[in-house]
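**Student:** Here you go, sequence then predicted model.
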Amino acid sequence: MKTTPFLAYSAVTLALSIPSAAQADYSVETLLEGLDRPWGMAFLPDHHDVIMTLRGGDVALWDPENGLRQISGAPDVQARGQGGLLDIAAAPDFSDSQMVYMTWVGAVDGGSTTKVSRARLDRDAGALVDVEDLHVVQPGIDSGAHFGSRIVFHDGFLYAGFGDRGSKDFSEAHISQDLSSENGAVIRLTMDGDIPEDNPFVGQDGAAGAIWSYGHRNIQAMTVHPATGDIWLAEHGEAGGDEVNIVERAGNFGWPLASHGVTYRGGQEFAPPHQPGDGFVAPVHHWPAGRENHNPPSGMVFYDGAAFPDWEGQLLIGNLFHRYLGLWQPEDGGLVESARLLDGQDWRIRDVAVGPQDGFIYVLTDGDDGRLVRLVPSQ
């Protein structure tokens, strides 16, 4: 059964200071609270509106004048384990088409899987209409774990990243290393859901033509670099070893044959870390091994706005376990953490976005009492 979001608007402003390395102060405005497991959000072009998903199966629309309203017509999701209604993104031509794209978990033969769908937003009716399934990840699996997933658009194509469904087979037979499986992979589709002919594995026997890269564990963040056009993603490690990667065409990112994490039980190494010449694409950044170092990322965006000029070009990454929003500076081919925003608020960070008109930083927090907050300059 679908849940109903708590329709609330709060003008509460909390004044917080951040580490001097970030060279700015900010305040936090709570825009919504009482949200039931919010998962993804996107700004709608030419508007201040934020469209968001709640994992139980609802879509909601927030704007500063009217607050939050529920949008009907969402797919009938299977909200089991880590599954449900996941990411949402506005089409690049949204101003004309009013189309949004979603990833969500549904029942299929063999268990459940992640689907990519699109629909037209009818604002006047408060509904998604003409819902169309574009892609169903194969194969379906009887598991409630590691669905991923995130969506980005680049150069006229749709990219979506998925998880490995929690497979514990750490051998070469692992599902993320199996090119016939789209689990543990990034796929590339046309905007209509077709498989582009220039995808790297099109025509290869036994391979899924939609795959763009593979060897991923559980993709929870994707964003496009505003200057280079590279697609960046962040994914969960086993126990520690969480990674930030730059996606490469046909790239094998190694999971579980190369990893910086260890097993949850016993802390045993199950694979060597990435090494030059091992055939795997090494991460731009990884967190150390060990449960205490587990930094599961969720939500990621490069800061590109006027409100915080000192943060221009830095990467914002949500942290679920240690409960803060990390600000990361690209440096020497890697990443250096320059500040921990929202540290001490005890909020699991699920998603983050930069307001296209105001440059403020909007954050979704996780849980059955989730919030939409924004960071604004103290001045």
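**Tutor:** Alright, I've got the coordinates.

**Student:** CA only for contacts and neighbour counts going forward, please
**Tutor:** OK.

**Student:** Which parts of the stretch 251-379 of the chain are strands?
**Tutor:** For the stretch 251-379 of the chain, the strands defined by DSSP state E, counting those that start in this stretch cover 285-286, 297-302, 315-319, 324-331, 334-341, 349-354, 361-365, 370-377.

**Student:** Also the stretch 1-150 of the chain?
**Tutor:** 13-16, 26-35, 38-43, 50-54, 58-63, 67-71, 85-90, 99-108, 111-122, 127-136, 148-154.

**Student:** picking up where we left off before, could you point out which of the strands of the stretch 251-379 of the chain sits nearest R69?
**Tutor:** Nearest of the strands of the stretch 251-379 of the chain to R69, taken as Cα to Cα: strand 370-377 at 13.7 Å.

**Student:** partners of that closest one in the sheet?
**Tutor:** Strand 370-377 has the following strand partners under DSSP bridges: strand 26-35 (antiparallel), strand 361-365 (antiparallel).

**Student:** follow-up on the earlier one: W39 is nearest to which of the strands of the stretch 251-379 of the chain?
**Tutor:** Among the strands of the stretch 251-379 of the chain, strand 349-354 comes nearest to W39, with 6.1 Å by Cα to Cα.

**Student:** what lines up beside the closest one in the sheet?
**Tutor:** By DSSP bridges, strand 349-354 pairs with strand 361-365 (antiparallel).

**Student:** Count the neighbours of the nearest residue to A119 once chain neighbours are set aside for me.
**Tutor:** Excluding its sequence neighbours, the residue lying closest to A119 (Cα to Cα, 6 or more residues apart in numbering) is V131, at 4.3 Å. The local packing of V131 (other Cα atoms under 10 Å) involves 17 other residues.

**Student:** Could you list which residues are in contact with V131?
**Tutor:** By Cα atoms under 8 Å, 6 or more residues apart in numbering, the contact set of V131 is G73, A74, P75, S117, R118, A119, R120.

**Student:** And the second one, how far from V152?
**Tutor:** For A74, the distance to V152 under the criterion Cα to Cα, to the nearest Å works out to 20 Å.

**Student:** Between these two, which has more neighbouring residues?
**Tutor:** Remark: of A74 and V152, V152 carries more neighbours, 23 against 20, as counted by other Cα under 10 Å.

**Student:** Which strand residues bridge that one?
**Tutor:** For V152, the beta-bridge partners are Y159 (DSSP bridges).
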